[in-house]
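J.: structure for the following, please:
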Amino acid sequence: MTRYVGAIDQGTTSTRFMVFDHGGNEVTRWQLEHEQIMPRAGWVEHNPAEIWERTSTVIKTALAHADLTAEDLAAVGVTNQRETTIVWNRRTGRPFYNAIVWQDTRTNRIVGELERAGHADTIRHKSGLPPATYFSGGKLRWILENVPGVREAAERGDALFGTPDTWVLWNLTGGPRGGHHVTDVTNASRTMLMNLETLDWDDELLELFGVPRAMLPEIRPSVHPGLFGTTSADGPFQAEVPIAGVVGDQQAATVGQLCFRPGEAKNTYGTGNFLLLNTGEEMVRSEHGLLTTVAYQFGEQRPVYALEGSIAVTGSAIQWLRDQLGIISGAAQSESLARQVDDNGGVYFVPAFSGLFAPYWRSDARGVIVGLSRYSNNAHLARAALEAICYQTRDVVEAMQADSGVRLDVLRVDGGVTANELCMQLQADFLGVPVSRPVVSETTALGAAYAAGLAVGFWKDVDELAQNWQESKRWTPTSSEEQRERGYARWKKAVARTLDWVDVDD
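T.: Numbers count the residues shown, from 1 in each chain. Alright, predicted model coming up:
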């Protein structure tokens, strides 16, 4: 009896498998972290084989933990870290190189060459994205140019490219024994290689990046019954289960937050922050440093677009305090430590570890901590890290309001950082609008489950999904406008100190 829907959430720092019931309630989950490989400054990699091993383990463990089998699942959805680039051998299933993560900045030179050659406007108009190290196209070109044998294998059709959704799908559906090489429109829209109007790979963009079309996955809508294949019987599910929904992580959170009407927005707080505003079937081309992207496509319906503000480092700044500086033992301690002081003591932390993403798009920026004095202590730094999450979100909200003319009445939030109540109060104070967290804060996995469930009729329509959404907590602003604007002005001064630190060809 198919009582539930499963969701694989392959993220930047971990992979989880979650199961949801018809009410959108969590039934079970299992989650495992994977290694963050940093061979040089600015380089961030993952081991694709480890990601697949973790995916298999979390599926089997979560099902066993709740005494479930594949027969209990109506369908499975997949969501994933976007832009991260994997190239593997079609015949052996072995990666040619580690996954190059979306945070990686090694493609500075490639991006700079494209801009100097006058291709920036073409890339921006066709893909909706500015030339930046963030996206997959430059990473794929780097692999083709720097890893021996990959270009030749690609031209023979033996080297396959995919973002993590494609890698997981290919392995789930058989791998070297007939695995499906597919992706969905939301992930394809993050590569700099897909045309936003045709929803297909664009020949001119492929030529600019030197990418053979034969290595690219087939692009399909985000939601459709059986569209992505079924899991193989010898895989982690030990049975055939329809894979009916695939949505990039931030678009999945948009679905999970039920932002189905133009003008509705959500902000996900994870490794980075990602604010998406639904613009309906209209593509809004940003003039203030945001991205135009596909929000989702349901079956044969027209795609729905979004404006997105992408921030590279937010939750991972807290991880940095833990792993690199050792001033906290876990994410929860960042809140208790920050609460030891009443304010930031004049300290501002701009975590531009991978340059600055929206709305600045400055790959030459690097992280700074400013305003230090003998008075400063670890609690001030912890508070400054939380404030950086909120100030970066305000930067994006300002740009989004300028592009769309829409002023937020409330900000819907989700993701792991929303468990930090001080951070959410700061967010309400810095924006001057209420912040609302749903009961199920892991809306990325929930959105993937919704996509798969809609495809197979587990939920009949989005109106039925709306009955599942419930608010867990709301934070309202407590600061004055003068306090808000004074702090933001100092934040902007701190951001200015990050610029022009790295030469683009370093």
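J.: can you get me a residue count around D202?
T.: By the measure other CB atoms under 10 Å, the count of residues near D202 is 19. All C-beta atoms are positioned from the backbone trio N, CA, C, and that covers glycine.
J.: tell me what the closest residue to it other than its chain neighbours is bridged to.
T.: Using CB to CB, 6 or more residues apart in numbering and skipping residues adjacent in sequence, the residue nearest D202 is N195, 4.0 Å away. Bridge pairing for N195 (DSSP bridges) gives the partners D200.
J.: correct me if wrong: N195 contacts D203.
T.: No - checked against CB atoms under 8 Å, the pair N195 and D203 is beyond contact range at 9.1 Å.
J.: compare neighbour counts for the two and give me the winner.
T.: Legend: neighbour count by other CB under 10 Å for N195 and D203, higher for N195 (18 against 10).
J.: which residues of the stretch 151-300 of the chain fall in helices?
T.: 164-172, 185-188, 203-209, 249-256 (DSSP state H, counting those that start in this stretch).
J.: mean confidence for stretch 496-506?
T.: Averaged across stretch 496-506, pLDDT comes to 79.
J.: nope, stretch 339-359 is what I was after
T.: On average, stretch 339-359 scores 92.
J.: any idea which residue of the chain is furthest from its center?
T.: Going by CA atoms, centre = their mean, the residue of the chain most distant from its centre is R374, 38.0 Å out.
J.: secondary structure class for that residue?
T.: coil (DSSP: H, G, I helix; E, B strand; the rest coil).
J.: what about it, distance to P221?
T.: Per CB to CB, to the nearest Å, R374 is found 59 Å from P221.
J.: now do L208
T.: For L208, the distance to P221 equals 26 Å [CB to CB].
J.: low-confidence ranges in the stretch 151-300 of the chain?
T.: 225-226 (pLDDT under 70).
J.: in the protein, where's the longest helix?
T.: Counting by DSSP state H, the longest helix found in the chain is helix 378-404.
J.: next SSE downstream of that one?
T.: Note on helix 378-404: by DSSP states H and E, the next helix or strand toward the C-terminus is strand 411-414.
J.: sheet-wise, list the partners of that following strand with their directions.
T.: By DSSP bridges, strand 411-414 pairs with strand 265-269 (parallel), strand 435-438 (parallel).
J.: I'd like the ones you listed as JSON lines, with distance to G178 appended.
T.: Formatted as JSON lines, the strands paired with strand 411-414 follow (distance: least, CB to CB, whole Å):
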{"stretch": "strand 265-269", "distance to G178": "34"}
{"stretch": "strand 435-438", "distance to G178": "39"}
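J.: strands along the stretch 101-250 of the chain, start to end?
T.: 159-162, 182-184, 194-195, 200-201, 218-220, 243-248 (DSSP state E, counting those that start in this stretch).
J.: how far off helix 164-172 does the last one point, in degrees?
T.: Right, the one you point to is strand 243-248. With axes from the mean of the first three to the mean of the last three CA atoms, to 10 degrees applied, the angle from strand 243-248 to helix 164-172 works out at 150 degrees.
J.: now strand 243-248 - C-alpha only, PDB.
T.: The C-alpha coordinates for strand 243-248 follow below in PDB (Å, rounded to 0.1, in the frame of the first residue of the first chain):
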ATOM      1  CA  ILE A 243      11.000   8.800  -9.900                       C
ATOM      2  CA  ALA A 244       8.400  11.300 -10.700                       C
ATOM      3  CA  GLY A 245       9.800  14.700  -9.700                       C
ATOM      4  CA  VAL A 246      13.200  16.400 -10.000                       C
ATOM      5  CA  VAL A 247      13.800  20.000  -8.800                       C
ATOM      6  CA  GLY A 248      16.900  21.900  -8.000                       C
END
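J.: and that strand, what other elements does it pack with?
T.: Under the contact definition 3 or more CB pairs under 8 Å, 6 or more residues apart in numbering; DSSP states H and E, strand 243-248 sits against strand 73-80, helix 164-172, strand 182-184, helix 185-188, helix 443-456.
J.: of all the ones you listed, which lies closest to Q31?
T.: helix 443-456 (9.9 Å; CB to CB).
J.: and the closest one, what's its mean pLDDT?
T.: 92.
J.: quick one, it and helix 164-172 angle?
T.: Angle between the axes of helix 443-456 and helix 164-172 is 60 degrees (criterion: the same axes, to 10 degrees).
J.: list the buried residues for the next helix or strand after helix 443-456?
T.: Downstream of helix 443-456, the next assigned helix or strand under DSSP H and E is helix 462-466. Using 16 or more other CB atoms under 10 Å as the test for burial, helix 462-466 gives L465.
J.: this completes my enquiry, with thanks.
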